[in-house]
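Trainee: No sequence on hand, only this structure:
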Ligand code: PEP
Ligand code: CO
């Protein structure tokens, strides 16, 4: 790190400039109990070390700029909501492994670098469509993520507790520590990542992907035979991201970078603003406009052209390469109809954001036996629609944003294992939205790789 050439008064004054959001409407904030606890928690958080560093954030921005200009592809994946109990070595490793496996397949399909990013090490807060949840006539506050309250359906568990913000920080720190160890310590070696994929192909249900897997194998062996032994083969960059939702967490973790004198939200490399909090005159857009991190914004099927142009003006007025990513989540039935006008308007405005597809959040269903689910075929269809639209407009479909886990859960329907409604009753574990399991995630990667190689 550069030596700190800012004195504390200057730093405090620069941080104060971030606080205009306080007078604006802030959607989706918890109702904390009254008392001093929250203020103490915020003061504590503001003294904790940053989780990520400004230099890393800047490198990510360069990588995303490469993707926005059509020369790299972003893969962003992880839980809908991380939980404290599931922040175990085994589960974190399985998720990293899944993202790395998908990335190898996509790298081959796209013939370009894949930027790997987890919805990990900070995805502990959730926006909810209702403030309350009713079960069997009992109404309690909705679960808002482990950073706010607990999932268990009791009045005590559902009461917001500011001390959870400290646990969110600590769990993020230990998760990130493991991510750094796994991706820098040899675990991410391309040759072993490919070996893992062989397990997937060995399953007869996945024989359709055998040809591509064999081609990847050949490509890797060719590189090895040529004596390629560069460090990119053994280690990989892996970035963290989460929805920037809770001001009581994000603001204390925002710091003034001593090199540049500008603010960075050090809770993650990349922050996105959700579909429910992206109001142009709202607190989230105001606050995140001022931090230097690359930003994402979710765009649902009702997004208007003026919303999109307004977001560009507020979040990326200087049209900085890599600054802004639009994460579209229109639904399989709407993407082909709704997306083109937004892309055209952005093109006309001379902006070059990165466009990526979230094929999960527009495709929710409730099954007859009462599970929140998504059909694998709808997920795939939205991705295909996303590619078709970009292909027809001459723009670049630059990435994929998916909710996934490395474990063998049954939450989304279909895929080569043909998970049906009955199976959901056996392995449904998510506390929020349904995730692709390990095998469904890899299958999606193979299918998207086919699309990419046809581009
Ligand atoms: C999410 O990503 O989990 C989420 C809530 O998404 P969206 O804001 O797109 O609804
Ligand atoms: Co979700």
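Mentor: Noted; the coordinates are in hand. Everything numeric in this text was worked out from a predicted model, so none of it was measured. Ligands and ions are numbered 1, 2, ... in the order given.
Trainee: Can you give me the first-to-last residue distance of stretch 236-253?
Mentor: Stretch 236-253 has an end-to-end distance of 26 Å (criterion: Cα to Cα, to the nearest Å).
Trainee: how about that stretch, does it reach ligand 2?
Mentor: No - for stretch 236-253, no contact with ligand 2 is found by Cβ under 5 Å from the ion; the gap never falls below 8.7 Å. Using the backbone N, CA and C atoms, a C-beta is placed for each residue, glycine as well.
Trainee: which bits of this protein sit near ligand 1?
Mentor: 80, 127, 243, 274-276, 298, 329, 361, 433 (Cβ under 6 Å from any ligand atom).
Trainee: Take these and keep only those in strands.
Mentor: Within the residues of the chain next to ligand 1, membership in strands is found for 243, 298, as judged by DSSP state E.
Trainee: among the residues of the chain next to ligand 1, who's most crowded?
Mentor: residue 243 (27 neighbours; other Cβ atoms under 10 Å).
Trainee: My read is that that one contacts residue 127, right?
Mentor: Yes - shown here, residue 243 and residue 127 form a contact pair, counting by Cβ atoms under 8 Å, at 7.3 Å.
Trainee: Name the residue closest to the centre of this protein, please.
Mentor: Centroid-nearest residue in the chain: residue 119, 3.8 Å away (criterion: Cα atoms, centre = their mean).
Trainee: In contact with that residue, which residues?
Mentor: Counting by Cβ atoms under 8 Å, 6 or more residues apart in numbering, residue 119 touches 76-80, 82, 241-242, 401, 403.
Trainee: Reduced to three states, what does the closest residue to residue 157 other than its chain neighbours come out as?
Mentor: Distance criterion Cβ to Cβ, 6 or more residues apart in numbering; nearest residue to residue 157, sequence neighbours excluded, is residue 150 at 3.8 Å. Following DSSP: H, G, I helix; E, B strand; the rest coil, we place residue 150 in the coil state.
Trainee: any idea how far residue 156 is from residue 150?
Mentor: For residue 150, the distance to residue 156 (Cβ to Cβ, to the nearest Å) stands at 8 Å.
Trainee: who's more crowded, these two?
Mentor: Shown here are residue 150 and residue 156; by other Cβ under 10 Å, residue 150 has more neighbours (18 against 10).
Trainee: my read: the more buried one touches residue 158, true?
Mentor: Yes - assessed by Cβ under 8 Å, residue 150 is found in contact with residue 158 at 7.0 Å.
Trainee: Indicate the residue of the stretch 51-200 of the chain located nearest to ligand 1.
Mentor: residue 80 (4.7 Å; Cβ to the nearest ligand atom).
Trainee: actually the stretch 151-300 of the chain, sorry about that
Mentor: Evaluated by Cβ to the nearest ligand atom, the stretch 151-300 of the chain has residue 274 as its residue closest to ligand 1, separated by 3.1 Å.
Trainee: State the distance from that residue to ligand 2.
Mentor: 9 Å (Cβ to the ion, to the nearest Å).
Trainee: That residue touches residue 298, doesn't it?
Mentor: Yes - contact criterion Cβ under 8 Å: residue 274 and residue 298 qualify, at 5.3 Å.
Trainee: measure residue 76 to residue 53 for me?
Mentor: Distance from residue 76 to residue 53, by Cβ to Cβ: 20 Å.
Trainee: I meant to write residue 137 there.
Mentor: 50 Å.
Trainee: Name the residue in those two with the higher neighbour count.
Mentor: For residue 137 versus residue 53, neighbours defined as other Cβ under 10 Å are more numerous around residue 53 (16 against 5).
Trainee: could you pull out the strands for the chain?
Mentor: Using DSSP E, strands in the chain cover 73-78, 114-118, 132-135, 138-141, 239-243, 254-256, 263-265, 270-273, 295-299, 324-328, 354-357, 364-366, 372-374, 397-403.
Trainee: Direction included, what does the first one pair up with?
Mentor: Based on DSSP bridges, the pairing partners of strand 73-78 within the sheet are strand 114-118 (parallel), strand 397-403 (parallel).
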